[in-house]
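Chemist: mind folding the following:
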Amino acid sequence: MKNTLLPSIYDRPMPESRDTNADPHTWWNDQASAALGMNVSATTPGGAIVTMVVRDDMLNGLEVCHGGLIFTLADTAMALASNTRDNPAYAVSADMTWVRPGRKGDLLTATARQQVTAGRTGVYDVSVANQDGEMVGLFRGRVRHVPIEKP
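Modeler: Numbering: from 1, shown residues only. From the prediction side, this is the model:
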């Protein structure tokens, strides 16, 4: 895989299930990502890799992957990466630049990496590439870490 931010974790096989180191509340309850067929390849503190195959029902009128679904893939990777710490994190803003379309059958890989954490704010960059390592889009998101509420 070319252009990876976390190259060493590509050495691990992709799990058959969603059994990762990520906060179970983030992934196990994420029905939207599951419905889109996303799979978690790996998580590390401040990082995550998530994949999704572009299906027929993900194509827009121009017969390329809807940009909102690519954004959702990147957002999911950021959510997993930002929730590998002690306190839960919620997205507060994000933007994405699409540089190449995703096409039917493409295996899209979103690689998220923490750039900085200052206080309760975190900034994450996510690259999305196809199976040939070609960049599809770049995403930058910001999260807010919140204290864990005690009962």
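Chemist: now do the same end-to-end measure for stretch 96-113.
Modeler: Taking CA to CA, to the nearest Å, stretch 96-113 runs 15 Å from one end to the other.
Chemist: now it, how far from the chain's geometric center?
Modeler: 10 Å (CA atoms, centre = their mean, to the nearest Å).
Chemist: list the buried residues of it.
Modeler: Neighbour-count burial for stretch 96-113 flags 96, 98, 101-102, 106, 108-113 (criterion: 16 or more other CB atoms under 10 Å). C-beta: built from backbone N, CA, C; applies to glycine.
Chemist: how about a markdown table for the residues you listed, with distance to Ala42 added?
Modeler: Output for the buried residues of stretch 96-113, formatted as a markdown table (distance: CB to CB, whole Å):
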| residue | distance to Ala42 |
| --- | --- |
| Met96 | 22 |
| Trp98 | 24 |
| Pro101 | 26 |
| Gly102 | 21 |
| Asp106 | 20 |
| Leu108 | 16 |
| Thr109 | 11 |
| Ala110 | 12 |
| Thr111 | 9 |
| Ala112 | 11 |
| Arg113 | 12 |
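Chemist: which residue is the nearest non-sequential neighbour of Val123?
Modeler: Gln115 (4.6 Å; CB to CB, 6 or more residues apart in numbering).
Chemist: quick one: contacts of the helix or strand where that neighbour lies?
Modeler: Assigned by DSSP states H and E, Gln115 belongs to strand 107-118. Strand 107-118 is touched from outside by 1, 4-6, 41, 46-54, 65, 70, 73-74, 76-78, 80-82, 85, 102, 122-131, 136, 139, 145, with contacts defined as CB atoms under 8 Å, 6 or more residues apart in numbering.
Chemist: contacts only, for Val136.
Modeler: Neighbours of Val136 in contact, by CB under 8 Å, 6+ apart: 70, 98-102, 106, 108, 128-130.
Chemist: so which of these are in helices?
Modeler: Using DSSP state H, the subset of those located in helices is Ile70.
Chemist: dump the contacts of Val136 to CSV, plus distance to Met58.
Modeler: Formatted as CSV, those follow (distance: CB to CB, whole Å):
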residue, distance to Met58
Ile70, 9
Trp98, 14
Val99, 18
Arg100, 16
Pro101, 12
Gly102, 8
Asp106, 10
Leu108, 10
Val128, 13
Ala129, 17
Asn130, 14
